[in-house]
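S.K.: Have a look at this prediction, sequence included:
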Amino acid sequence: MKHFFTYFILLTTLLANSQTNTKPYDYFVQFNGDQLSKKVNIMDVLNHPLINKYSEGKPDNDINQYPNLFKLDEKISIHGSFTDSIPYYQVTIPVKNRNDIKQFMEKLHAKKDTDSIATATIEHFPLYSLITAADKKSTLAWNDNYFVIVGFTKKYSTNLYDIPEIQEEITVDEVSDEDPVDVTTPYEIEETIDSTAVYTDNYYAEYEQGRVAFDSLQSVQRNIFIKSLFEKGFTTPSTDKINATADISSWINYSAAMSSFYDAYATLSQFTTYNRFLPSQKNWGNLVKGINLDFYFDNDNARVEEIIEYSKPMADIVNKIANRKINKSIYNYFPDKKPLGYMSYHVNTKEALKNFPTLTAEILSSAAITKDDMSIVTDFISTIVDEEATATLFDGDLSMFLHDIKETEVMTKSYEYDDNYEEIEVEKKVKKSIPLFSVVFTSTHPTFGDKLIQLGIRKKLLVQKGNYYEITGTKGEYGDLFILKDNDVIVIGNSHEYFNTNNGSFIKEVKKDLKQNYFVAKLNIPEISNAYSHTAETKTTDIKKIDQFATQFSDVTLQSSKKLIDNKLKFELRLNSLKSNKNIILQTLDFVEQLSK
């Protein structure tokens, strides 16, 4: 009876809330079929041999029938909420004909044989049709124009693991050493049933009963929610957060996502006492408003754009950190020849350190930590960290280069056993592929770098060789590792062959990119594939796959702009193709199909 009233009150509350609750979007994903269909025929993708291979023998999952049911050249969306009183998701797909969907669903959920039961319940109403899955986890509905899938993401929970301990019953009277014992008088051993097992079984049965009731209530609530979508005319979900020019566009409310993550942690964590100190949704919202992830598929490239929207105060800080004036001396140690791959990263560490206390205070501020409490922390950090002095240790210029892959003979040490089964150290020459690389960064501290090098010499970790210092004990694994210090520039690498006089074509290319971006990176696929495939360690079967990859794609690039536009910072990841005769989606499917043969 107690459970009946509990579920009755819960159902009443759900029904009341469903009449007035508005559903905010915490995330939104939109497949812009009208945009992508201009670039590639969706039927060409669905009919590709690689796609057909995985749908063969699966009539229920024959995706080739989807274009006959759904308008794939229109917008398809997925949206939902983490923070709503009833967390949910909704999938919305435009349809061609209501009756065709009805027949498809009836066939899909029909009895498999005479002894089986239908996998779902189908109901038809004047304005829409409804299917509730047999497990009651989701509900599907459709009308003349749209097909909708709705699910509630809140899970049934109880203190399942808080099973009270059952005190062990004493079955034999304990006799102390001091008590007299009459060995001629027999005593009886009392037999008892293990009540712990019975209790646990009952507890799990009660838990399962509650879960089933909860799922049923969720199903009722979803049906009410779907009724509200269709009974007054279906309104297509939309948001101004989505980029309609992208092929696939997505947006997430960062603060809501983080809040949901911390709520989940707080529920699972045993350290509930400290949950009140965790950052709240408001904390994250004061820093980052939202993140967009947009996908573009063209004939000669595929790219992903991540756009982070900051709050105005946070955007001002990020803008100062990203907009660094590069120390031009670093270019003296850029390679003249285009490397196999490189990364160049330039930020203002002084501004980052300067604003670190403020950011820390903003993230950790909560009801449990007052402003006065945080002021002590921020003052302490500001006192022990001298931003200007600390920033000179690493100014913010960092570049890394992969020049080549070189096969060389190196001495390696191993351990073997002699005839007397005693362990002996053996040196052997083996062929090994060593990546030739260099790491270049700037440090304007007047003495720290030189003192650190002198310390290395005294500890016999470094050996001076002209204008550079060789790192001892690294030759076998990494080649001749060295450190070179030229005023503000410090170089760590294993080859001297690639430094130039700051006038090569590669330098000009990178300088041009770094005028607009604080971060650039590039991996030249044909060059690195060629270098790797010609090493002795590469298997013959791998060489063919590497060559196929190298003849299909030219490079992978990553960059991020120095300037924020409307408080938004953009990252771009791009895969460039060597071919342009068809859309890169089809090119990629062709490539994967060739690899699988």
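M.R.: Noted; the coordinates are in hand.
S.K.: Count the neighbours of Glu497 for me.
M.R.: 12 (other C-beta atoms under 10 Å). The way it works is simple: take the backbone N, C-alpha and C, and place the C-beta from them, glycine included.
S.K.: Show the pLDDT at it.
M.R.: Per-residue confidence (pLDDT) for Glu497: 86.
S.K.: wait, is it part of a strand?
M.R.: No - if the criterion is DSSP: H, G, I helix; E, B strand; the rest coil, then Glu497 is coil and not within a strand.
S.K.: which residues touch it?
M.R.: 403, 436 (C-beta atoms under 8 Å, 6 or more residues apart in numbering).
S.K.: Could you rerun that using 6 Å?
M.R.: With contact set as C-beta atoms under 6 Å, 6 or more residues apart in numbering, Glu497 has no partners.
S.K.: and the gap between it and Ile483?
M.R.: Separation of Glu497 from Ile483 (C-beta to C-beta, to the nearest Å): 17 Å.
S.K.: How about Lys459?
M.R.: 14 Å.
S.K.: more crowded one of those two?
M.R.: More crowded of Lys459 and Ile483, by other C-beta under 10 Å: Ile483, with 19 against 9.
S.K.: Where does the closest residue to Glu509 other than its chain neighbours sit: helix, strand or coil?
M.R.: Nearest non-adjacent residue to Glu509, counting by C-beta to C-beta, 6 or more residues apart in numbering: Lys338, 7.9 Å away. Secondary structure of Lys338, reduced to three states by three-state DSSP: coil.
S.K.: neighbours of Lys338, just the number please.
M.R.: By other C-beta under 10 Å, 17 other residues sit near Lys338.
S.K.: cool, and Asp542?
M.R.: By other C-beta under 10 Å, 12 other residues sit near Asp542.
S.K.: Okay, it and Ile224: tell me how far apart.
M.R.: 57 Å.
S.K.: ok, now Ser438?
M.R.: 64 Å.
S.K.: Need the per-residue pLDDT for Tyr187.
M.R.: According to the prediction, Tyr187 has pLDDT 35.
S.K.: and Ser438 and Ile224? which has more neighbours close in?
M.R.: Taking other C-beta under 10 Å, Ser438 and Ile224 do not tie; Ser438 has more neighbours (24 against 14).
S.K.: The nearest residue to the more buried one once chain neighbours are set aside: how many residues sit nearby?
M.R.: For Ser438, ignoring the flanking residues on the chain, the nearest one in space by C-beta to C-beta, 6+ apart is Gly493 at 3.3 Å. Residues contacting Gly493 under the criterion other C-beta under 10 Å number 25.
S.K.: And for Gly396?
M.R.: 22.
S.K.: Okay, it and Tyr518: tell me how far apart.
M.R.: Distance from Gly396 to Tyr518, counting by C-beta to C-beta: 9 Å.
S.K.: intersection of neighbour lists for those two?
M.R.: Taking C-beta under 6 Å, 6+ apart as the criterion, Gly396 and Tyr518 both touch His346.
S.K.: Where does the prediction get shaky in the chain?
M.R.: Applying pLDDT under 70 to the chain flags the ranges 1-24, 57-61, 111-119, 158-201, 261-285, 360-387, 476, 500-503, 536-537.
S.K.: Look at the most centrally placed residue in the chain and give its secondary structure.
M.R.: What sits nearest the mean C-alpha location of the chain, by C-alpha atoms, centre = their mean, is Leu293, with 12.0 Å. Going by three-state DSSP, the secondary structure assigned to Leu293 is strand.
S.K.: Name all residues that make contact with it.
M.R.: 250, 306.
S.K.: give me that answer again for 7 Å
M.R.: Contact analysis of Leu293 by C-beta atoms under 7 Å, 6 or more residues apart in numbering lists 250, 304, 306.
S.K.: ok, the last one touching Phe571?
M.R.: Meaning Glu306. Yes - counting by C-beta atoms under 7 Å, Phe571 is a contact partner of Glu306 at 4.4 Å.
S.K.: could you pull out the strands for the stretch 451-597 of the chain?
M.R.: Per DSSP state E, counting those that start in this stretch, the stretch 451-597 of the chain carries strands over the ranges 462-465, 468-471, 482-486, 489-493, 517-524, 553-561, 568-577.
S.K.: Residues in contact with the last one: which ones?
M.R.: Under the contact criterion C-beta under 7 Å, 6+ apart, strand 568-577 has outside partners 300-310, 318, 552-561, 584, 587.
S.K.: just the second one next, same as before
M.R.: Strand 468-471 is touched from outside by 453, 456, 461-463, 480-484, with contacts defined as C-beta under 7 Å, 6+ apart.
S.K.: ok now it, how far from the chain's centre?
M.R.: How far strand 468-471 lies from its chain's middle: 39 Å, per C-alpha atoms, centre = their mean, to the nearest Å.
S.K.: Likewise for the first one?
M.R.: Relative to its chain's centre, strand 462-465 lies at 43 Å (C-alpha atoms, centre = their mean).
S.K.: helices and strands around that strand, which ones?
M.R.: Using 3 or more C-beta pairs under 7 Å, 6 or more residues apart in numbering; DSSP states H and E as the contact test, the elements touching strand 462-465 are helix 448-458, strand 468-471.
S.K.: Comparing those, which stretch has the densest surroundings?
M.R.: strand 468-471 (a mean of 18; mean count of other C-beta atoms under 10 Å).
S.K.: In its sheet, which strands sit next to that one, and in what direction?
M.R.: strand 462-465 (antiparallel), strand 482-486 (antiparallel) (DSSP bridges).
S.K.: can you pull the buried residues of the shortest one?
M.R.: Applying a neighbour-count criterion of 16 or more other C-beta atoms under 10 Å, one finds Leu462 buried in strand 462-465.
S.K.: I'd like the strands of the stretch 451-597 of the chain laid out as TSV, including distance to Ile93.
M.R.: Putting these into TSV (distance: least, C-beta to C-beta, whole Å) gives the following:
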stretch	distance to Ile93
strand 462-465	64
strand 468-471	60
strand 482-486	59
strand 489-493	54
strand 517-524	37
strand 553-561	32
strand 568-577	28
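S.K.: Figure out which of the ones you listed is closest to Phe152.
M.R.: Closest to Phe152 of the strands of the stretch 451-597 of the chain, according to C-beta to C-beta: strand 568-577, at 32.4 Å.
S.K.: of the contacts of strand 468-471, closest to Val426?
M.R.: Asp480 (22.8 Å).
S.K.: which non-adjacent residue is nearest the closest one?
M.R.: Excluding the flanking residues, the one nearest Asp480 by C-beta to C-beta, 6+ apart is Asn494, at 5.7 Å.
S.K.: Could you pull up phi and psi at the nearest residue to Thr239 once chain neighbours are set aside?
M.R.: The shortest distance from Thr239 to any non-neighbouring residue, by C-beta to C-beta, 6+ apart, is to Phe28 (5.0 Å). The phi/psi pair for Phe28 (degrees, to the nearest 10) reads phi -150, psi 130.
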